[in-house]
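> Provided below for reference: sequence and predicted model.
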Amino acid sequence: MSLLELDDVKVHFPVKKGLFFDRTVGHVYAVDGVSLSIEAGQTYGLVGESGCGKTTLGRAVLRLNDITDGGVVFDGTDLAKLPGEEMRAFRRRLQMVFQDPLGSLNPRQNIESILSEGMAAHGIGKDQAERREKIKAILAKVGLPSNALSRYPHEFSGGQRQRIGIARALVLEPDVIICDEPVSALDVSVQAQVINLLEELQESLGLTYLVIAHDLAVVRHISDVIGVMYLGGLVEEAPSDALYAKPRHPYTKALMSAVPVPDPEVEDRRERILLHGDLPSPANPPAGCRFHTRCPWVQETKCATERPPLLDTGGGHKVACHFTAEIEAGTVKQTLATGIEAVIATEAVAAEAVETSEGEAPEDGSGTGAKEPATVPAQEPATVPAQAGPEADAKETGKKAPDATEKAEGGPTA
Ligand SMILES: Nc1ncnc2c1ncn2[C@@H]1O[C@H](COP(=O)(O)OP(=O)(O)O)[C@@H](O)[C@H]1O
Ligand code: SF4
Ligand SMILES: [Mg+2]
């Protein structure tokens, strides 16, 4: 049995309206049916665009968010159903390291006070002197001097603050650490140091990690298994090497095509898959395959109507796509442009949208796909800005989108 098993976890946030926010008018389907398992001592890397539900999933494991449905089985106990009192005991064993180290450290507490707070709450160390000795040992482990004890968070660099965040988790002797974008706020030069530190700590302390990142490059080396998330669900999961060697889901292919290759010759020949549009709103996710509004291979049958399950295609390489084999065999055709044509088409449509908004924009926002309130802008370099207009409409209804190149040539800027 795995140390941590998520079974069809759903986290739906109600959207409230009315004078006293007393009416539920819909839901944000932030996490919508995620199953995964993490073996003891291993690292699971979870990647996906900003807004796809990674943080919500991580917080759900710790029950910092209510779980709408599904199970979170940790060491044989389903945390999702545990009463608050019993959950407290498990909290110590599952810790979280946050993206923004400064924001998560109280500026008015010195490091000793920050680190001993949780220890005292969980009854670790018989007195402050004993806790201080333990904190000193952990500070040394994360590469900070023991005189850090009496200093305050603002006196440290970003990388050092993240080390303090890691130390705060470690003093509680956890089994699992959920690292949510642990290096995203750090300079590139210190990112590798923090990742290396996490790896060393895992080896010496036998820790189990769930590492969340929007950047595939960050999780590559540290992860044993990688899961790719899109709009609340996993679209692909595989052992790290297998995923990098051969991404199989169209979305993973697009993400991967955005990661630069160090070899300039390979880099020149590399095909880049540019996606149309932004991540749709999780308050109104597309029916069928959630990726069908942006998938370069979207097919008229099935894609807009049936949600593909995440199935093992062999060797633990799981993919959620109706046409994985056909796309690889080349027996289904690409239906949306993915190269420079996608960019031209996007620019043409964007220009059209600007013209419309300079004139009278429709009050109700009809005809625009970019008005949903909960949409988080996509931040992946391989994505193309949000689209409005007839093309987006065609994609939403699952119809084959009009030829992108045609659109570009006929567009007002061409
Ligand atoms: N407390 C909340 N109430 C309502 N919506 C939320 C809440 N927390 C997150 N969301 C929404 O859930 C979606 C997923 O967010 P998040 O898990 O933070 O994504 P990620 O970490 O992948 O960037 C987003 O659309 C976000 O706006
Ligand atoms: S199911 Fe259809 S839309 Fe979804 S990834 Fe596969 S081909 Fe694309
Ligand atoms: Mg997040």
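Sure, I can see it. Ligands and ions are numbered 1, 2, ... in the order given.
> Break the protein down into its structural domains.
According to automatic domain parsing, the chain comprises the domains 4-244, 247-414.
> how about those domains, which one is nearest ligand 1?
Nearest of the domains of the chain to ligand 1, taken as C-beta to the nearest ligand atom: domain 4-244 at 3.2 Å. (Each C-beta comes from the backbone N, C-alpha and C, glycine too.)
> Please enumerate the helices of this structure.
In the chain, the helices defined using DSSP state H lie at 54-61, 84-91, 111-121, 128-141, 158-170, 188-205, 216-220, 240-245, 250-257, 264-269, 324-329, 340-358, 390-396, 404-410.
> Among the ones you listed, which comes closest to ligand 2?
Short answer: helix 250-257, nearest of the helices of the chain by C-beta to the nearest ligand atom, at 4.5 Å.
> Say whether ligand 1 is contacted by the closest one.
No: using C-beta under 6 Å from any ligand atom, helix 250-257 never reaches ligand 1; the gap is at least 13.3 Å.
> Residues touching that helix, excluding its own?
47, 216, 228, 230, 235-236, 243-244, 247, 270-275, 291, 294-297, 321, 327, 338, 380, 382-383 (C-beta atoms under 8 Å, 6 or more residues apart in numbering).
> Intersect those with the contacts of ligand 2.
Among these, ligand 2 is touched by 291, 295, 297, 321 when using C-beta under 6 Å from any ligand atom.
> pLDDT, neighbour count and distance to Glu117 for those residues - can I get that in JSON lines?
Output for those, formatted as JSON lines (pLDDT from 0 to 100; neighbours: other C-beta atoms under 10 Å; distance: C-beta to C-beta, whole Å):
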{"residue": "Phe291", "pLDDT": "96", "neighbour count": "26", "distance to Glu117": "43"}
{"residue": "Cys295", "pLDDT": "94", "neighbour count": "25", "distance to Glu117": "47"}
{"residue": "Trp297", "pLDDT": "93", "neighbour count": "21", "distance to Glu117": "52"}
{"residue": "Cys321", "pLDDT": "98", "neighbour count": "25", "distance to Glu117": "46"}
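> hey, least reliable of the domains of the chain by pLDDT?
When the domains of the chain are compared on mean pLDDT, domain 247-414 scores lowest, with a mean of 68.
> how close does the residue nearest to Met1 when sequence neighbours are not counted get to Phe90?
Leaving aside its sequence neighbours, Met1 sits nearest to Gly76 (C-beta to C-beta, 6 or more residues apart in numbering; 6.9 Å). Distance of Gly76 to Phe90, computed by C-beta to C-beta, to the nearest Å: 11 Å.
> Format the ones next to ligand 2 among the contacts of helix 250-257 as a markdown table; extra columns: distance to Val142.
Shown next, in a markdown table, are these (distance: C-beta to C-beta, whole Å):
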| residue | distance to Val142 |
| --- | --- |
| Phe291 | 39 |
| Cys295 | 43 |
| Trp297 | 45 |
| Cys321 | 41 |
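> Check the burial of whichever residue of the stretch 51-200 of the chain sits closest to ligand 2 by counting its neighbours.
Ligand 2 sits closest to Cys52 of the stretch 51-200 of the chain, with a gap of 14.7 Å, by C-beta to the nearest ligand atom. Cys52: 27 surrounding residues under other C-beta atoms under 10 Å.
> Ignoring the adjacent residues along the chain, who's closest to it?
In space, Cys52 is closest to Met229, 4.8 Å off (C-beta to C-beta, 6+ apart).
> out of Gly76 and Phe90, which sits in the busier spot?
Neighbour totals were compared for Gly76 and Phe90, and Phe90 leads with 17 against 8 (other C-beta under 10 Å).
> ok, now which ones touch the closest residue in space to the more buried one that isn't next to it in sequence?
Among residues not flanking Phe90 along the chain, Leu79 sits closest, at 6.0 Å (C-beta to C-beta, 6+ apart). The neighbours of Leu79, taking C-beta under 8 Å, 6+ apart as the test, are 61, 63, 72-73, 87, 90.
> can you redo those as a markdown table with distance to ligand 2?
Listed next are the contacts of Leu79 as a markdown table, based on distance: C-beta to the nearest ligand atom, whole Å:
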| residue | distance to ligand 2 |
| --- | --- |
| Val61 | 27 |
| Arg63 | 32 |
| Val72 | 27 |
| Val73 | 29 |
| Met87 | 37 |
| Phe90 | 37 |
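> which one of these is nearest Ile222?
Distance to Ile222, by C-beta to C-beta, is smallest for Val61 among the contacts of Leu79, at 18.3 Å.
> which residue sits closest to that closest one in space, ignoring its chain neighbours?
Of all residues not flanking Val61 in the chain, Val72 sits nearest, at 5.5 Å (C-beta to C-beta, 6+ apart).
> And Lys246, by the same measure?
Excluding the flanking residues, the one nearest Lys246 by C-beta to C-beta, 6+ apart is His317, at 8.0 Å.
> Check whether that neighbour really touches Ala238, as I assumed.
Yes: with contact defined as C-beta atoms under 8 Å, His317 reaches Ala238; the gap is 4.1 Å.
> so Leu36 touches Glu237, yeah?
Yes: Leu36 is within contact range of Glu237, at 6.6 Å (criterion: C-beta under 8 Å).
> anything in contact with each of these two?
Common neighbours of Leu36 and Glu237 (C-beta under 8 Å, 6+ apart) are Gly227.
> The two: which is more packed in?
Shown here are Leu36 and Glu237; by other C-beta under 10 Å, Glu237 has more neighbours (27 against 21).
> so what's that one up against?
Contacts for Glu237 (C-beta under 8 Å, 6+ apart) come out as 36, 225-228, 310, 316-318.
> Could I have the buried ones of those residues as ChimeraX selection syntax?
In ChimeraX, this line selects whichever of those come out buried by 16 or more other C-beta atoms under 10 Å:
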select :36,225,226,227,228,310,317,318
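> Any buried residues in the longest strand along the chain, and which?
In terms of residue count, the longest strand belonging to the chain (DSSP state E) is strand 23-38. Of the residues in strand 23-38, 27-38 count as buried by neighbour count, 16+ other C-beta under 10 Å.
> Among the contacts of helix 250-257, name the buried ones.
Applying 16+ other C-beta under 10 Å to the contacts of helix 250-257 flags 47, 216, 228, 230, 235-236, 243, 247, 273-275, 291, 294-297, 321, 327, 338, 380, 382-383 as buried.
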